[in-house]
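# no FASTA, just this:
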């Protein structure tokens, strides 16, 4: 499901226009991004938690040449599903 489809589904369920539903989705993603940039977790009880995960520096291989390269440490956003979401998925 892409953003326009999600906005349409939210609009149908809530009575909002598709444009307003898209604004709500954008506001939500903006706030999750802002919290992540501050290093904060975002927890939605029953749905899940977005958190920052640190990746250690490591050695990798260039797939074209097979040469060993050093991959620097980095941060990424992770998601851990909540109990209700896990149960709904099966």
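Looks like it came in fine. Not measured: the values here are computed from a predicted model.
# got a list of what residue 9 touches?
residue 1 (CB atoms under 8 Å, 6 or more residues apart in numbering). Quick note: C-beta positions are derived from backbone N, CA and C, even for glycine.
# how close does it get to residue 3?
11 Å (CB to CB, to the nearest Å).
# Likewise for residue 46?
In terms of CB to CB, residue 46 sits 22 Å off from residue 3.
# same question, residue 84
Counting by CB to CB, the gap from residue 84 to residue 3 is 23 Å.
# per-domain residue ranges of the protein.
Domain assignment of the chain by automatic domain parsing yields the ranges 1-40, 41-90.
# Dump these to a markdown table, plus mean pLDDT.
Listed next are the domains of the chain as a markdown table, based on pLDDT from 0 to 100:
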| stretch | mean pLDDT |
| --- | --- |
| domain 1-40 | 96 |
| domain 41-90 | 95 |
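# Tell me which of these is the most buried.
domain 1-40 (a mean of 13; mean count of other CB atoms under 10 Å).
# First-to-last residue distance for that one?
27 Å (CA to CA, to the nearest Å).
# How far does the longest helix seen in the chain sit from its chain's centre?
Counting by DSSP state H, the longest helix found in the chain is helix 18-37. The chain centre lies 12 Å from the centre of helix 18-37; the measure is CA atoms, centre = their mean, to the nearest Å.
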